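*Asks:* Predicted model follows, preceded by the sequence.
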Amino acid sequence: MRKNVIRLTHCAMLLMLSSFGAFLVTLSFPAQAAQKDWPKLTVGFTPISGAAIPFFIAVEEKLFQKHGIEVSPVFMGGSPLINSAILAGEFPLGYTAGGAVLSSRLSGSDLIVIGTPLPVLAIDAWARPEIKSVGDLRGKRIGVTRFGASTHFAGLAMLDSAGIKTNEVVFIQNGGVGESLAALLGGRVDVSMIGYPAGLNAKNAGFKLLFRPSQTEYGLFPTAAVAARESWLKDPKGRRVAVDFLRALQEAQILTRENARVTKKAIKKFTRVVDDASLQGSYEFYKDAYPPTIRVVEKAMANALKFIDHPKAKQYDVRQSFDNGFVEEALR
């Protein structure tokens, strides 16, 4: 009799465990299914510098997954390349630059800016020590990532501040921030337009900080912008993905301003800068440059428009180039 009771009890426990296991499977299955159903989004981004910190953080801290999307980041050396890839249908959305979007839009594309994480021109000019002022740049070589990229606009702002015409210098495309630093270190250019943390490397190598646009009237500028095609955004699914993307990026924006540990971790992974002094210096440089929200700043877009050489630029209403409705929805 006792053996029968033990057998019955053992069977009952097995049945309970089996039922509980089935219950756990039932609980976990919807989550796994939901994860498999997440929209998968390839996102072209630039640059590999502090101008992309919120994007780095959103990837590293899995904030995109938190908001229901799987993001695969793809680096492209310069915002014009990203914009061309969007228009070619390679991916629907990019972490790019507002000036390049304006140029594309003036040429007839339907690209539009839906957020500007960094509406400040946080790209400095680092020069050979013998170059004492911007006025000394006539006849010199200026390194940028790509023509039409934010580094190029920073160079144009620098020349404008001293009344130097573009045909009085030579702009050289290097492809990326790291390549622009290498060109400066290797003597292939006299000045390079680069942001942190690469700027700290230039400083440590003995180069001179020649121009910092963020401390001038040229400061407001859409250095980092989120852009997509209007045709994609009109689709309800596209709009939903875009808003979720912006929600994750907004969360990362706050971390960029307030969390040194998370920010330095992201910079370290993506830029491969390892010494803490450079990481801390980058955090200190950028934490106040990033505003509390990723709303598009009209004045920043208007400043970018001033430097675009296009027959339609002077008559163009810059408000047609951006839409803050997506950020407003993300903030709700």
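*Replies:* Good, I have the coordinates.
*Asks:* can I see the domain layout of the chain?
*Replies:* Residue ranges for the structural domains of the chain, counted by automatic domain parsing, are given in the record as 40-121+220-331, 124-215.
*Asks:* Mean neighbour count and mean pLDDT added to these, as a markdown table?
*Replies:* For glycine as for every other residue, the C-beta is placed from the backbone atoms N, C-alpha and C. Converted to a markdown table, the domains of the chain look like this (neighbours: other CB atoms under 10 Å; pLDDT from 0 to 100):
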| stretch | mean neighbour count | mean pLDDT |
| --- | --- | --- |
| domain 40-121+220-331 | 20 | 95 |
| domain 124-215 | 20 | 94 |
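*Asks:* measure residue 37 to residue 70 for me?
*Replies:* Between residue 37 and residue 70 the distance is 10 Å, computed by CB to CB, to the nearest Å.
*Asks:* Apologies, that question was intended for residue 210.
*Replies:* Taking CB to CB as the criterion, residue 210 is separated from residue 70 by 42 Å.
*Asks:* Excluding chain neighbours, give the residue nearest to residue 220 in space.
*Replies:* Take residue 220 and drop its neighbours on the chain: the residue closest to it by CB to CB, 6 or more residues apart in numbering is residue 300, 4.3 Å away.
*Asks:* got a list of contacts for whatever helix or strand that neighbour lives in?
*Replies:* Secondary structure from DSSP states H and E places residue 300 in helix 298-306. Residues external to helix 298-306 that are found in contact with it (CB atoms under 8 Å, 6 or more residues apart in numbering): 98-99, 102, 113, 116, 119-120, 153, 218, 220-222, 313, 316, 318-319, 321-322.
*Asks:* Which ones among those residues map onto strands?
*Replies:* Secondary structure of the contacts of helix 298-306 is defined by DSSP state E; positions in strands are 113, 116, 119-120, 220-222.
*Asks:* Surely residue 181 is within a strand?
*Replies:* No: with the criterion set as DSSP: H, G, I helix; E, B strand; the rest coil, the secondary structure at residue 181 is helix rather than a strand.
*Asks:* who's in contact with it?
*Replies:* Applying CB under 8 Å, 6+ apart to residue 181 gives the contacts 192, 194, 198, 201-202.
*Asks:* now swap in residue 77 and tell me
*Replies:* Going by CB under 8 Å, 6+ apart, residue 77 touches 46, 145-146, 175-176, 179.
*Asks:* Can you pick out the most distant pair from these?
*Replies:* When CB to CB is used, the two most widely separated members of the contacts of residue 77 are 46 and 179, lying 12.1 Å apart.
*Asks:* what is in contact with these two at once?
*Replies:* Here residue 46 and residue 179 have 77, 145 as joint contacts, going by CB under 8 Å, 6+ apart.
*Asks:* just the helices in the stretch 1-150 of the chain please.
*Replies:* For the stretch 1-150 of the chain, helices defined by DSSP state H, counting those that start in this stretch occupy the ranges 2-36, 53-60, 63-66, 79-87, 98-106, 150-161.
*Asks:* Centre of the chain to the helix or strand just after the last one, how far?
*Replies:* Note on helix 150-161: by DSSP H and E, the next helix or strand toward the C-terminus is strand 170-173. Once both centres are worked out by CA atoms, centre = their mean, to the nearest Å, strand 170-173 turns out to sit 23 Å from its chain's centre.
*Asks:* on contacts alone, who are the packing partners of strand 170-173?
*Replies:* For strand 170-173, the elements it packs on are strand 141-144, judged by 3 or more CB pairs under 8 Å, 6 or more residues apart in numbering; DSSP states H and E.
*Asks:* who's in contact with the strand it packs on?
*Replies:* The contact list for strand 141-144 (CB under 8 Å, 6+ apart) reads 125, 151-152, 154-155, 169-174, 180, 183-184, 188-193.
*Asks:* Go again with 6 Å.
*Replies:* The set of residues that contact strand 141-144 without belonging to it, under CB atoms under 6 Å, 6 or more residues apart in numbering, is 151-152, 155, 169-172, 174, 180, 183, 189-193.
*Asks:* Need the max-distance pair from these.
*Replies:* That would be 152 and 190, which, of these, are the farthest apart (CB to CB) at 16.0 Å.
*Asks:* ok, the spatially most central residue of the chain to residue 70 distance?
*Replies:* Per CA atoms, centre = their mean, the C-alpha nearest to the average position across the chain is that of residue 52, at 3.5 Å. Summarising the geometry, the distance separating residue 52 from residue 70, computed by CB to CB, is 19 Å.
*Asks:* Over to residue 195?
*Replies:* Going from residue 195 to residue 70 by CB to CB gives 29 Å.
*Asks:* Now the closest residue to residue 114 other than its chain neighbours: which helix or strand?
*Replies:* Closest residue to residue 114 in three dimensions, ignoring its sequence neighbours and counting by CB to CB, 6+ apart: residue 326, at 4.3 Å. Taking DSSP H and E as the criterion, the element that holds residue 326 is helix 325-331.
*Asks:* Now do that helix: which elements does it pack against?
*Replies:* Contacting helix 325-331 under the criterion 3 or more CB pairs under 6 Å, 6 or more residues apart in numbering; DSSP states H and E are the following elements: helix 236-258.
*Asks:* what helices or strands is the helix it packs on leaning on?
*Replies:* Identification of packing neighbours for helix 236-258 by 3+ CB pairs under 6 Å, 6+ apart yields helix 53-60, helix 63-66, helix 230-233, helix 325-331.
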